[in-house]
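Peer 1: The sequence isn't on hand, but the structure is:
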């Protein structure tokens, strides 16, 4: 999702993505040089309109820096290193799911007749939409003071990157939606977010389910642990997920879990007790979850991961005329893959 050294080194497709981005940037500079030559040929003096490489480096640094905040970056940063890169032409990334196979039997003679079987298959797909937004500066504004103009561009890019980052986080939580608020569907596949998608186990904390409010500070440590085990077992037992889960909770829940597990003995904090439960890799807080909400999934690079057809980056658009605005696009192609097995079991859960 980000053009990091590890991603580009280990992924041939990411290398192609990076090359395409640089070609886009160079094309804009070539166009600026053509404008300058035409004006100079007429005897006019011009300011350089080319965006220098150090400005692009600042753009890229801001992009990485923006991915270190919260507003969802707690789990976004955990997921980004797990990114699967695909060609930008791949609108859907499909994965095949196999059933179990074989009918074992036992006998003393070994002559009972072998029962033959085979695996069956079905498919799931991850849609990979493009997320983008732009910013611009008037050509005279940029020419009035090149250094100041470039500084303003960096401010523009920082704020638009923050907007794009939060939008990508929202697509993870609430799905890919078009301008009318409808879920985007391609060949029958869509992504409705951790809160709603059928690939995610919906764990009911209300009266019809576990019936427990993790934000209630009057609950004892033992009560919280019992309810927490029911949440874990919705994946570990009901969905047969044997992988270690990372749990993300709201700040309201995290505040309660900072308290002591017991007033009668030294049991440490509630969060420390829960983090030591079998099958729990860690517990983190994010303000993208609110109230009595928590989600959990493994960071194993298989169960839940981003699928990226284009890394997050900023490039300038070529200007067709000398007086055209300096326009920039910050864009990424990112989808979310949550793997289920042939029977629909999942290692991703959302409790509310």
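Peer 2: Perfect, thanks for sending it. Worth saying up front: this structure is predicted, and the values here are computed from it rather than measured.
Peer 1: C-alpha from now on. contacts and neighbour counts both.
Peer 2: Will do.
Peer 1: Flag the shaky bits of the stretch 251-352 of the chain, pLDDT-wise.
Peer 2: Scanning the stretch 251-352 of the chain for pLDDT under 70 picks out no residues.
Peer 1: which residues in it form strands?
Peer 2: Listed in chain order, the strands of the stretch 251-352 of the chain (DSSP state E, counting those that start in this stretch) span residues 280-285, 294-297, 304-316, 326-338, 349-351.
Peer 1: Equivalent analysis for the stretch 51-200 of the chain, please.
Peer 2: 84-85, 92-98, 121-127, 130-137.
Peer 1: could you dump these to JSON lines with mean neighbour count?
Peer 2: Shown next, in JSON lines, are these (neighbours: other Cα atoms under 10 Å):
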{"stretch": "strand 84-85", "mean neighbour count": "22"}
{"stretch": "strand 92-98", "mean neighbour count": "16"}
{"stretch": "strand 121-127", "mean neighbour count": "17"}
{"stretch": "strand 130-137", "mean neighbour count": "17"}
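Peer 1: rank those strands by pLDDT, which is bottom?
Peer 2: Ranked by mean pLDDT, the strands of the stretch 51-200 of the chain bottom out at strand 92-98, with a mean of 73.
Peer 1: circling back to that earlier point, between the strands of the stretch 251-352 of the chain, which one is nearest to residue 30?
Peer 2: strand 304-316 (11.3 Å; Cα to Cα).
Peer 1: centre of the chain versus the closest one, how much separation?
Peer 2: Counting by Cα atoms, centre = their mean, to the nearest Å, strand 304-316 is centred 10 Å from the centre of its parent chain.
Peer 1: Pairing partners for that strand, with directions?
Peer 2: In the sheet, strand 304-316 lines up against strand 84-85 (parallel), strand 326-338 (antiparallel) (DSSP bridges).
Peer 1: Enumerate every residue touching the spatially closest residue to residue 286 that is not a sequence neighbour.
Peer 2: The shortest distance from residue 286 to any non-neighbouring residue, by Cα to Cα, 6 or more residues apart in numbering, is to residue 250 (5.6 Å). By Cα atoms under 8 Å, 6 or more residues apart in numbering, residue 250 lies in contact with 285, 286, 287, 288, 289, 290, 291, 292, 293, 294.
Peer 1: Drop anything exposed from these.
Peer 2: With burial judged by 16 or more other Cα atoms under 10 Å, the buried subset of the contacts of residue 250 is 285, 286, 287, 288, 289, 291, 292, 293, 294.
Peer 1: In TSV: the residues you listed, plus distance to residue 191.
Peer 2: Below are the buried ones among the contacts of residue 250 laid out as TSV (distance: Cα to Cα, whole Å):
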residue	distance to residue 191
285	24
286	21
287	22
288	18
289	19
291	24
292	23
293	20
294	19
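Peer 1: so which of the residues you listed would you say is closest to residue 277?
Peer 2: Top of the list for closeness to residue 277, among the buried ones among the contacts of residue 250 and by Cα to Cα, is residue 294 at 16.2 Å.
Peer 1: Excluding covalently adjacent residues, which one is nearest to the closest one?
Peer 2: residue 249 (4.3 Å).
Peer 1: how many neighbours does that neighbour have?
Peer 2: By other Cα atoms under 10 Å, 25 other residues sit near residue 249.
Peer 1: Likewise for the one 5 residues further on?
Peer 2: Other residues within reach of residue 254, judged by other Cα under 10 Å, total 19.
Peer 1: residue contacts, it?
Peer 2: Shown in contact with residue 254 (Cα under 8 Å, 6+ apart): 271, 285.
Peer 1: Give the buried residues for stretch 254-269.
Peer 2: 254, 256, 257, 259, 260, 261, 269.
Peer 1: Repeat that for stretch 11-29.
Peer 2: 13, 14, 17, 18, 21, 24, 25, 26, 27, 28, 29.
Peer 1: right, and the secondary structure at the last one would be what?
Peer 2: Three states are possible here, and by DSSP: H, G, I helix; E, B strand; the rest coil the one that applies to residue 29 is helix.
Peer 1: before we move on, the earlier item: which members of the buried residues of stretch 254-269 occur in helices, if any?
Peer 2: 254, 256, 257 (DSSP state H).
Peer 1: just curious, which of those residues is nearest to residue 335?
Peer 2: Nearest to residue 335 among those is residue 254, at 28.6 Å by Cα to Cα.
Peer 1: what's the residue nearest to residue 294 sitting at in phi/psi?
Peer 2: Dihedral angles of residue 249 (phi, psi; degrees, to the nearest 10) stand at phi -130, psi 160.
Peer 1: Nearest to residue 134, out of the strands of the stretch 251-352 of the chain?
Peer 2: Among the strands of the stretch 251-352 of the chain, the nearest to residue 134 by Cα to Cα is strand 326-338 (4.4 Å).
Peer 1: Now do the closest one and strand 130-137, the angle between them.
Peer 2: With axes from the mean of the first three to the mean of the last three Cα atoms, to 10 degrees defining the directions, strand 326-338 sits at 160 degrees from strand 130-137.
Peer 1: got the contact list for the spatially closest residue to residue 243 that is not a sequence neighbour?
Peer 2: Nearest non-adjacent residue to residue 243, counting by Cα to Cα, 6+ apart: residue 298, 6.3 Å away. Residue 298 makes contact with 243, 244, 245, 246, 304, 347, 348, according to Cα under 8 Å, 6+ apart.
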